[in-house]
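Peer 1: With the sequence up front, the predicted model follows.
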Amino acid sequence: MTEHFTRLQQDFATDWPGPVGPVITLSNQDLTLSIYPDDGCRIRSMQAFGMETLRPWEQGKRAFQYGCFPMVPWVGRVENGVFNHEGIRYQLPQNKFPHAMHGIACMQRWEVLYATKTQALFRIELSDPWPFTGSVLYEVRLEGNNVIMKLSIFTAERAFPASAGWHPWFKKQLDGAEENQLLVNFRADWQEEPGNNEVPTGNRVAPGNGPWDDTFGFNCGANVSLYWGSKLTLNISSTGHYLTVFDKQPDATCVNTLTDRPNGINSHQVNLTTPDQPTEITSILTFTRGIA
C-alpha cells in the first residue's frame, strides 16, 4: 500500500495526488468515460454529448472530493468506526473522526480484468482494514446513451455484512453558465432521520426539502433525475433502495445510489454477503439532450 493510501485510513482530508497511473477510456457516439484503476477505480471524467458532468480533479482536492468512485464494502459513515458481527466487535479506521468513511475502494489499486472500447471489468481483494476475506467486481459499460455500472461483493467462505454504492460529484453548472444550473428531482418513500452526529438514527421520517445532506429510501429501487437547465438531463435508476444527496457545496452535488443507508452495518436487519448470495447493485445512468 502506498503512503497516500495509508494516510487516507487515518484522515479523510489528507493531501491527495489525484488521478495516477494508467487510464481506461470507454467511449461511443454519445459518451466518454475516463477511469483510473490506481485511483480507487474512480471515473474522473464522464462526458455526455461532449459536456463534462463530473467535478474534476484540481490541485488541493481531497480523495473524496472529485469524480465518481465506488464505495465498498460499506457506504457513507460507520458510527464510531465500530460494528458487531456474530458477537465479535470490529473497529474500522476512524478517518473522519469519530466515524469510518466511505469504504476502502479509494485505498486500493484495482486490477483490470479486461477493457474494450465500451466496457471494462475491475477487481480488488478485500483486505486490511476490512476484517473479512472476499473480493469485489466492478463492471462499467456503455450502451448508447446509457452508462451501466455494477458492483458485486463476494465471499467464498465466511458470511459478513456489507453494502455498496457510488459517490459521484455532479457539476452544478455546465460550461459555467447559470442557465444550466443543476436541479435534482426525486420522489422518495421515506427519509432516514438525521442524527446529531452526521449518522442516521435508523428511524424513518417523511422526506423533507433541501438543501440536503440526507439519505432517502425507495421501496422499488432508487430513481432520480438531474436537469442542467434545458441543456442536459440525466436519469439514474438503481437496484439499490437508498439514495444519499449532498448539495451544500457551491460547485457540485453528490447523488449516491446505495444498497443500504450509511451505518446500516449496525442495523437490526443488516445485509449479509454469503457464498450463495453476493451483495450486488446496478445503477443505470441515462443521458438525454435537453429536457427528457
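Peer 2: That came through, no problem.
Peer 1: Where do the strands of the stretch 151-292 of the chain begin and end?
Peer 2: For the stretch 151-292 of the chain, the strands defined by DSSP state E, counting those that start in this stretch occupy 160-161, 165-171, 182-186, 190-194, 200-205, 213-217, 223-228, 232-238, 242-246, 252-258, 272-273, 279-289.
Peer 1: closest one to Leu54 among those?
Peer 2: Ranking the strands of the stretch 151-292 of the chain by proximity to Leu54 (C-beta to C-beta) places strand 165-171 first, at 6.0 Å. Backbone N, C-alpha and C define where each C-beta goes, glycine included.
Peer 1: Which secondary structure elements does that closest one sit against?
Peer 2: If you count contacts as 3 or more C-beta pairs under 8 Å, 6 or more residues apart in numbering; DSSP states H and E, strand 165-171 packs onto strand 68-71, strand 146-154, strand 252-258.
Peer 1: Now do the shortest one: distance to the chain's middle.
Peer 2: Chain-centre distance of strand 68-71: 4 Å, with C-alpha atoms, centre = their mean, to the nearest Å.
Peer 1: The helix or strand that that strand is followed by pairs with which strands, and in what direction?
Peer 2: On the C-terminal side of strand 68-71, the closest following helix or strand by DSSP states H and E is strand 77-78. Based on DSSP bridges, the pairing partners of strand 77-78 within the sheet are strand 100-101 (antiparallel).
Peer 1: pLDDT of the strand it pairs with, averaged?
Peer 2: Confidence over strand 100-101 (mean pLDDT, whole number) is 96.
Peer 1: that older thread, which of the strands of the stretch 151-292 of the chain sits closest to Gln108?
Peer 2: Among the strands of the stretch 151-292 of the chain, strand 165-171 comes nearest to Gln108, with 15.3 Å by C-beta to C-beta.
Peer 1: on that earlier part again, export the strands of the stretch 151-292 of the chain to a markdown table and append columns for mean pLDDT, mean neighbour count and distance to Gly76.
Peer 2: Supplementary listing: the strands of the stretch 151-292 of the chain in a markdown table, determined by pLDDT from 0 to 100; neighbours: other C-beta atoms under 10 Å; distance: least, C-beta to C-beta, whole Å:
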| stretch | mean pLDDT | mean neighbour count | distance to Gly76 |
| --- | --- | --- | --- |
| strand 160-161 | 96 | 22 | 14 |
| strand 165-171 | 98 | 24 | 8 |
| strand 182-186 | 96 | 16 | 18 |
| strand 190-194 | 96 | 18 | 10 |
| strand 200-205 | 94 | 15 | 9 |
| strand 213-217 | 97 | 20 | 7 |
| strand 223-228 | 98 | 20 | 17 |
| strand 232-238 | 98 | 21 | 15 |
| strand 242-246 | 98 | 23 | 6 |
| strand 252-258 | 98 | 25 | 7 |
| strand 272-273 | 96 | 18 | 18 |
| strand 279-289 | 98 | 20 | 14 |
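Peer 1: Could you dump the helices and strands packed on strand 165-171 into a markdown table and include distance to Gly264?
Peer 2: What follows is those, written out as a markdown table (distance: least, C-beta to C-beta, whole Å):
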| stretch | distance to Gly264 |
| --- | --- |
| strand 68-71 | 12 |
| strand 146-154 | 14 |
| strand 252-258 | 8 |
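Peer 1: The ones you listed: which one's closest to Trp212?
Peer 2: Minimum separation from Trp212 across those (C-beta to C-beta) falls at strand 252-258, 8.9 Å.
Peer 1: Go ahead and confirm Ile148 touches Val140.
Peer 2: Yes. Ile148 is in contact with Val140 according to C-beta atoms under 8 Å; the separation is 7.4 Å.
Peer 1: With distance to Trp110 as added columns, please give the strands of the stretch 151-292 of the chain in a markdown table.
Peer 2: Output for the strands of the stretch 151-292 of the chain, formatted as a markdown table (distance: least, C-beta to C-beta, whole Å):
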| stretch | distance to Trp110 |
| --- | --- |
| strand 160-161 | 20 |
| strand 165-171 | 14 |
| strand 182-186 | 29 |
| strand 190-194 | 30 |
| strand 200-205 | 29 |
| strand 213-217 | 26 |
| strand 223-228 | 26 |
| strand 232-238 | 21 |
| strand 242-246 | 23 |
| strand 252-258 | 19 |
| strand 272-273 | 19 |
| strand 279-289 | 17 |
